[in-house]
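A.B. asks: Show me how the following folds:
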Amino acid sequence: MPNASRAAQRPAEPTDPDRGTPEAEDDLPSGWRHSNGWIFGVMLVAAALSLLGSFVLSNDAVILAGNKNAALTCNVNAVISCGTVGNSWQAALLGFPNAFLGVAFAPVVMTIAVAGMAGVRFPRWFMLGAQLMYTIALGFAYWLFSQSMFVIGALCPWCLLVMLATTVSFATLLHANVLQDNLYLPRRLQRRLLEMVRSDVDAYLLVTWIVLLAASIVLKYGSRLLA
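C.D. replies: Predicted coordinates for the structure are as follows:
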């Protein structure tokens with residue numbers, strides 16, 4: 001009993017305002033945009049488009065390997081030219097066509113999306129790992145975009161499709177991870193992100209970002225896109 005008495009008299013330890021218990025289910029955003037069907041459905045469509053683009057780019061890479069001057073269907077003009085981009089060293093940064101990575105990883109994302117639509121909830125560490133991997137993929141996609149814009153001087157429509165699909169997949173995965181509290185963030189930051197999701201700020205930011213990307217292409221190349 002003396003030990004119990006001393007424990008009762010010990011002052012409570014201060015709490016960290018940045019940490020605490022996860023939000024209750026009632027505090028989570030509700031509505032169709034926050035449902036598993038919508039979030040993972042959008043992710044599935046985006047990943048499928050990424051896979052489509054990667055398949056076409058992989059086929060083009062095989063054609064260009066046999067003939068660097070091959071007339072690809074997306075060789076529209078000097079600016080919109082898959083051949084110009086595909087023949088650059090950036091198109092095979094790791095020693096093989098970058099598109100092969102998309103063919104390998106897009107089905108994994110599609111599997112996660114289908115499982116999510118079915119109500120499967122993966123472990124937090126798995127979803128955090130998926131978010132980190134997609135962050136790397138997103139950075140790689142935008143590095144390739146910057147190379148096309150400012151170094152190669154040509155754009156590949158299928159590459160742009162893969163970049164757009166990767167952006168949407170990243171955003172929807174982040175949406176799901178914030179809702180499910182999978183990112184091991186300090187509680188204060190987690191609550192702020194959850195409030196942004198509740199207010200649809202993430203959706204507005206995504207749309208704004210895509211519009212800015214399109215505007216940057218038009219401002220860079222202008223009428224040459226249609227020449």
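
A.B. asks: longest helix of the protein?
C.D. replies: Ranked by number of residues, the top helix in the chain under DSSP state H is helix 36-66.

A.B. asks: Could you check that helix and say which residues are buried?
C.D. replies: Using 16 or more other CB atoms under 10 Å as the test for burial, helix 36-66 gives 36, 39-54, 56-58, 60-61, 63-64. Every residue, glycine included, has its C-beta placed from N, CA and C.

A.B. asks: which other helices and strands contact it?
C.D. replies: Counting by 3 or more CB pairs under 8 Å, 6 or more residues apart in numbering; DSSP states H and E, the packing neighbours recorded for helix 36-66 are helix 82-86, helix 99-117, helix 157-180.

A.B. asks: Residue nearest the middle of the chain, spatially speaking?
C.D. replies: With distances taken as CA atoms, centre = their mean, Phe170 lies nearest the centre of the chain, 2.0 Å away.

A.B. asks: Relative to Leu219, how far out is that one?
C.D. replies: From Phe170 across to Leu219, the span is 24 Å (CB to CB, to the nearest Å).

A.B. asks: do the same with Tyr204
C.D. replies: Between Tyr204 and Leu219 the computed distance is 22 Å (CB to CB).

A.B. asks: who has more neighbours, these two?
C.D. replies: Counted by other CB atoms under 10 Å, Tyr204 and Leu219 do not tie: Tyr204 has more neighbours, with 11 against 8.

A.B. asks: Surely that one is in a helix?
C.D. replies: Yes. If the criterion is DSSP: H, G, I helix; E, B strand; the rest coil, then Tyr204 is within a helix.

A.B. asks: how much space is there between it and Asn87?
C.D. replies: 39 Å.

A.B. asks: Tell me where the model's unsure across the chain.
C.D. replies: Scanning the chain for pLDDT under 70 picks out 1-26.

A.B. asks: What count of nearby residues applies to the spatially closest residue to Asn77 that is not a sequence neighbour?
C.D. replies: With CB to CB, 6 or more residues apart in numbering as the criterion, Asn77 has its nearest non-adjacent residue at 5.4 Å, and that residue is Ala227. Counted with other CB under 10 Å, residues neighbouring Ala227 total 11.

A.B. asks: In contact with Ile210, which residues?
C.D. replies: By CB atoms under 8 Å, 6 or more residues apart in numbering, Ile210 lies in contact with Leu164, Thr167.

A.B. asks: and it, what element?
C.D. replies: helix 201-221 (DSSP states H and E).

A.B. asks: With just CA atoms, put that helix into CSV.
C.D. replies: The C-alpha trace of helix 201-221 is given here as CSV (Å, rounded to 0.1, in the frame of the first residue of the first chain):
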residue,chain,number,x,y,z
VAL,A,201,-8.5,22.7,-49.4
ASP,A,202,-6.5,19.8,-50.7
ALA,A,203,-8.9,19.5,-53.7
TYR,A,204,-8.6,23.2,-54.5
LEU,A,205,-4.8,23.0,-54.3
LEU,A,206,-4.7,20.0,-56.6
VAL,A,207,-6.9,21.7,-59.3
THR,A,208,-4.9,24.9,-59.0
TRP,A,209,-1.6,23.1,-59.4
ILE,A,210,-2.9,21.3,-62.5
VAL,A,211,-4.1,24.6,-64.0
LEU,A,212,-0.7,26.2,-63.3
LEU,A,213,1.1,23.3,-65.0
ALA,A,214,-1.0,23.7,-68.1
ALA,A,215,-0.5,27.5,-68.0
SER,A,216,3.3,27.1,-67.7
ILE,A,217,3.3,24.9,-70.9
VAL,A,218,1.2,27.5,-72.8
LEU,A,219,3.4,30.4,-71.6
LYS,A,220,6.6,28.5,-72.5
TYR,A,221,5.7,27.3,-76.0
